[in-house]
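# My questions are about this predicted structure, shown below with the sequence.
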Protein chains: 4
Amino acid sequence: MDNHFQSSKPIYLQIADQIFYRLVRKELLPGDKLPSVREMAIQTKVNPNTIQRTYSEMERLGIVETRRGQGTFIAEKADIVDELKDRLTREVLEGFVKQMTELGLTKEEMVEGIKTFTEGG
Amino acid sequence: MDNHFQSSKPIYLQIADQIFYRLVRKELLPGDKLPSVREMAIQTKVNPNTIQRTYSEMERLGIVETRRGQGTFIAEKADIVDELKDRLTREVLEGFVKQMTELGLTKEEMVEGIKTFTEGG
Amino acid sequence: MDNHFQSSKPIYLQIADQIFYRLVRKELLPGDKLPSVREMAIQTKVNPNTIQRTYSEMERLGIVETRRGQGTFIAEKADIVDELKDRLTREVLEGFVKQMTELGLTKEEMVEGIKTFTEGG
Amino acid sequence: MDNHFQSSKPIYLQIADQIFYRLVRKELLPGDKLPSVREMAIQTKVNPNTIQRTYSEMERLGIVETRRGQGTFIAEKADIVDELKDRLTREVLEGFVKQMTELGLTKEEMVEGIKTFTEGG
DNA sequence: GTGGTCTAGACCACG
DNA sequence: GTGGTCTAGACCACC
C-alpha cells in the first residue's frame, strides 16, 4: 500500500538517486528511455507531479533530456555516466572522511573500520 | 552577517552535532556546563528557540541533563562518551559502505578511495 | 542522431521561422514549391504532423498557398516578402527596445551595445 | 479579476523577470526581503505554488536566498545585481543581433532602426 | 509566522 | 501518447 521512502530526504530526490544508481551500475544506458511521468508515478506509487519534479531536476543536471512528445531519455553524452559516478563517489567519500575526522579517527582507523565492517556486518 | 549552516539539515541538529563532536574529541567532558540557551543563541547567532530544541533533543538522548536553575550539563555517566562515539562511528561507517556498495565499488576500492582522498584531497 | 531545435519554442514554429528567413533573404521566391510534407519531415527529422502544422500556420498567415494535388507554394503576391520582412523587423525591434528600456538602458547605450557586440562577440 | 500575464511564457518565469527588472533598476536591493510566498501569491493573483516555483528558480540562480522560517531575501553578494544586469543585457542583445542578422540587416541598419523606433514609436 | 513538499486533478501544446 | 504548467488544498519542519 505505501511506498518505502525515508522521511528525511524529499521523495523526488530519492527517486532521482535510484535512477542515478541504476545508471552508474549500467542498468540504464545513455539513450535509454525512462518510463513516462505517469507510468513512473504508478510504479513508485507517488504523484505524477513528484516524478515530474524528479525528471526536471535530472534534466537541470544534464543527466536526462526530454524530447517533445516522446518522453524522457538518458542523455546521450557518453561521459555522463562516469562523470556522475565520479561525482557521487567523491561526495560520499568526502562526507565520510569529514565526519570520521570530526570523530577523531585516523585514516588507518577508517580503513580498519571498513574492513571489519564489510566482514562482520 | 549570518550563520554558516547547511540548508539540508535542521539547524538545531547541526548544533547538536557540533556538541557531539566536541564531546567525542574530549573537548567537552562529563559534568561540564554548557552555555545557557540565551548565551548559546548569541554565540551561534540563532534563535533561542532553536537552541532550546537542541538541548531538548540532547537530553532525550541522555547526552546532557538539566539541573533546575543551574543550567545544562554533560551527563556524568562515564561511558556516555565512548558509547556515543561508537554509535556515531558505526552509523557513519554503515551509511558509507551502503552507499559505496550501491555505487558498485568493492571493499578494496573503498579503501583505495580513502587513501587517495586523504592524501590528494 | 537527433534534431537541433531549441526546447523553448515549438518546433513547428522554428521550422516556420527558418522558411521565413530564407524568404526574406531571397533564397526562396514567390511561386517556389516547398518540399512535400513527407519530404520536409525527412529532411528536418521531424514528425510529419509537425510539418503539417508548420504549413498550416504559414497558410493562415498568407505566406504560402496549397494547390490540390500539386503541393505547397510560396504565395505569388509580390509584396508578401517585404511585408513579412517589415513585420518581423518591427516585431524584433519593438521587443528589443522594450526589454532594454526595462533594463534601464538608454537609446545611446543600446546603439553602443550593438556596436561592441557585433565586433567583440 | 484576472492577472496580466502573457500566455507564451510560464507565469512563474514572468514573475521572476519582474523581480529581476526591479533588481536591476535598484528598486530592490541586496538584503531586501521579498514578500512571503503567500503574500506574493495574493499580490500577483496566482497560486502560492507558482510563487514558490519562482522563488526556487531564483534561488537556484543565486539571486535570492531563503532563511529558514524568516523568508526569502535578495542575495547579499554585492555583485549579484551587476552580474544579472550584464547577463540579461547580453542575452537580449545576442538574441536581437542574431534575429536581425537572419533577416539580412546590417549593423548600420540595426542602429538606424533603433534610432527611428525610439523616436517615432 | 516562514518556506518545502506532496497530492489530486486539471488544462495545454506538442508529436 | 508525451511533458509542462497551474490551481487548490494539505501537512510538515523550522524559527
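Arrived safely, thanks for sending.
# For the closest residue to chain C within chain A, give its distance to A:L84.
Using Cβ to the nearest Cβ, the closest approach of chain A to chain C is made by A:R68 at 6.5 Å. All C-beta spots, glycine's among them, are computed from the backbone N, C-alpha and C. To A:L84, A:R68 is 25 Å away according to Cβ to Cβ, to the nearest Å.
# ok, these two, which is more surrounded?
A:L84 (19 against 13; other Cβ atoms under 10 Å in any protein chain shown).
# Domain-wise, how is chain A divided?
If you go by automatic domain parsing, the domain ranges for chain A are A:11-74, A:80-120.
# Give the other helices and strands that the helix or strand that contains A:T54 contacts.
Per DSSP states H and E: A:T54 is located in helix A:48-60. Here helix A:48-60 touches helix A:11-24, helix A:37-44, strand A:64-67, going by 3 or more Cβ pairs under 8 Å, 6 or more residues apart in numbering or on different chains; DSSP states H and E.
# Looking at the ones you listed, which is nearest to D:L61?
Taking Cβ to Cβ as the measure, these were each checked against D:L61, and helix A:11-24 came out nearest at 19.4 Å.
# what about the closest residue to A:G95 other than its chain neighbours, neighbour count?
Leaving out its chain neighbours, the residue that sits closest to A:G95 by Cβ to Cβ, 6 or more residues apart in numbering or on different chains is B:F96, at 8.0 Å. B:F96 has 23 neighbouring residues, counting by other Cβ under 10 Å.
# Residues of chain A that sit close to chain C?
A:66-69 (Cβ under 8 Å from any Cβ of the partner chain).
# okay, A:E65: pLDDT?
A:E65 carries a pLDDT score of 92 in this model.
# ok, it - how many residues close by?
A:E65 sits with 16 neighbouring residues when counted by other Cβ under 10 Å.
# what residues are up against it?
Counting by Cβ atoms under 8 Å, 6 or more residues apart in numbering or on different chains, A:E65 makes contact with A:59, A:72-73, A:75-76.
# how close does the most centrally placed residue in chain A get to DNA strand E?
With distances taken as Cα atoms, centre = their mean, A:D17 lies nearest the centre of chain A, 2.1 Å away. A:D17 is 12 Å from DNA strand E, where distance means Cβ to the nearest atom of the strand, to the nearest Å.
# low pLDDT regions in chain A?
A:1-3, A:120-121 (pLDDT under 70).
# One more pass at 80, please.
A:1-4, A:6-8, A:78, A:119-121 (pLDDT under 80).
# Which residues of it lie near chain D?
Residues of chain A lying close to chain D (Cβ under 8 Å from any Cβ) are A:R60.
# Quick check: which element contains the residue of chain A found nearest DNA strand E?
Of all residues in chain A, A:G69 sits closest to DNA strand E, at 2.5 Å by Cβ to the nearest atom of the strand. For A:G69, there is no host helix or strand (DSSP H and E).
# what's the closest non-adjacent residue to it?
Using Cβ to Cβ, 6+ apart, the closest residue to A:G69 is C:N47 (7.8 Å).
# For the one you found, give me the backbone phi and psi.
Backbone torsions for C:N47, taken as degrees, to the nearest 10, come to phi -70, psi 130.
# ok, how many other residues are close to it?
Neighbour number of C:N47 under other Cβ under 10 Å is 15.
# next one: A:L13
13.
# what's the answer for A:G113, then?
Residues near A:G113, counting by other Cβ under 10 Å, number 19.
# Counting by contacts, list what whatever helix or strand it lives in packs against.
Using DSSP H and E, A:G113 falls within helix A:107-120. Counting contacts by 3+ Cβ pairs under 8 Å, 6+ apart, helix A:107-120 packs against helix A:80-102, helix B:80-102, helix B:107-120.
# ok, residues contacting the shortest one?
Contacting residues not belonging to helix B:107-120 are listed as A:89, A:93-94, A:96-97, A:107, A:110-111, A:114-115, A:118, B:96-97, B:100, B:105 [Cβ under 8 Å, 6+ apart].
# same thing but at 6 Å, please
Residues from elsewhere that reach helix B:107-120 (Cβ atoms under 6 Å, 6 or more residues apart in numbering or on different chains): A:93, A:97, A:107, A:110-111, A:114, A:118, B:100.
# Which of the residues you listed has the largest number of neighbours?
Of the contacts of helix B:107-120, with other Cβ under 10 Å as the count, A:M110 tops at 25 neighbours.
# Can you tell me how far it is from B:R25?
For A:M110, the distance to B:R25 (Cβ to Cβ) stands at 16 Å.
# What residues does chain A have near DNA strand E?
Residues of chain A lying close to DNA strand E by Cβ under 7 Å from any atom of the strand are A:3, A:5, A:10-12, A:46-50, A:53, A:68-70.
# What subset of those residues is buried?
A:11-12, A:46, A:50, A:53 (16 or more other Cβ atoms under 10 Å in any protein chain shown).
# For those, work out which two are farthest apart.
Farthest pair in those (Cβ to Cβ) is A:V46 and A:R53. Separation: 10.0 Å.
# what's the spacing between A:Q14 and DNA strand F?
Noted for A:Q14: a distance of 16 Å to DNA strand F, by Cβ to the nearest atom of the strand.
# what does A:I51 give?
8 Å.
# That residue: neighbour count?
When counting by other Cβ under 10 Å, one arrives at 26 neighbours for A:I51.
# same thing with A:G95?
By the measure other Cβ under 10 Å, the count of residues near A:G95 is 14.
# how far away is it from DNA strand F?
According to Cβ to the nearest atom of the strand, A:G95 and DNA strand F sit 18 Å apart.
# do the same with A:I19
In terms of Cβ to the nearest atom of the strand, A:I19 sits 13 Å off from DNA strand F.
# That residue: how many residues sit nearby?
Neighbours of A:I19 using other Cβ under 10 Å come to 19.
# what's the answer for A:G71, then?
Count around A:G71 with other Cβ under 10 Å applied: 15.
# can you check A:E94 too?
Residues near A:E94, counting by other Cβ under 10 Å: 12.
# and what of the one 4 residues further on?
Applying other Cβ under 10 Å, we find 11 residues neighbouring A:K98.
# what's the burial count for A:I15?
24.
# same check, this time on A:F20
Counted with other Cβ under 10 Å, A:F20 comes out at 22.
# Was I right to think A:K33 contacts A:I74?
No - applying Cβ atoms under 6 Å as the test, A:K33 and A:I74 come out as separate, 8.0 Å apart.
# follow-up on the earlier one: export the residues of chain A next to chain C to a markdown table and tack on distance to A:M40?
Output for these, formatted as a markdown table (distance: Cβ to Cβ, whole Å):
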| residue | distance to A:M40 |
| --- | --- |
| A:T66 | 13 |
| A:R67 | 16 |
| A:R68 | 18 |
| A:G69 | 17 |
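# Identify, from the contacts of helix B:107-120, the entry nearest to A:I42.
Distances from A:I42 to the contacts of helix B:107-120, taken by Cβ to Cβ, are shortest for B:M100, at 31.3 Å.
# separation between that closest one and B:R68?
47 Å.
# go on, A:F20?
Taking Cβ to Cβ, one finds A:F20 at 51 Å from B:R68.
# next one: A:I51
Between A:I51 and B:R68 the computed distance is 52 Å (Cβ to Cβ).
# Mind listing the residues bridging to A:R67?
Judged by DSSP bridges, the bridge partners of A:R67 are A:G71.
# Number of residues surrounding it?
Neighbours of A:R67 (other Cβ under 10 Å): 13.
# what's the spacing between it and C:M100?
Distance, A:R67 to C:M100, by Cβ to Cβ: 34 Å.
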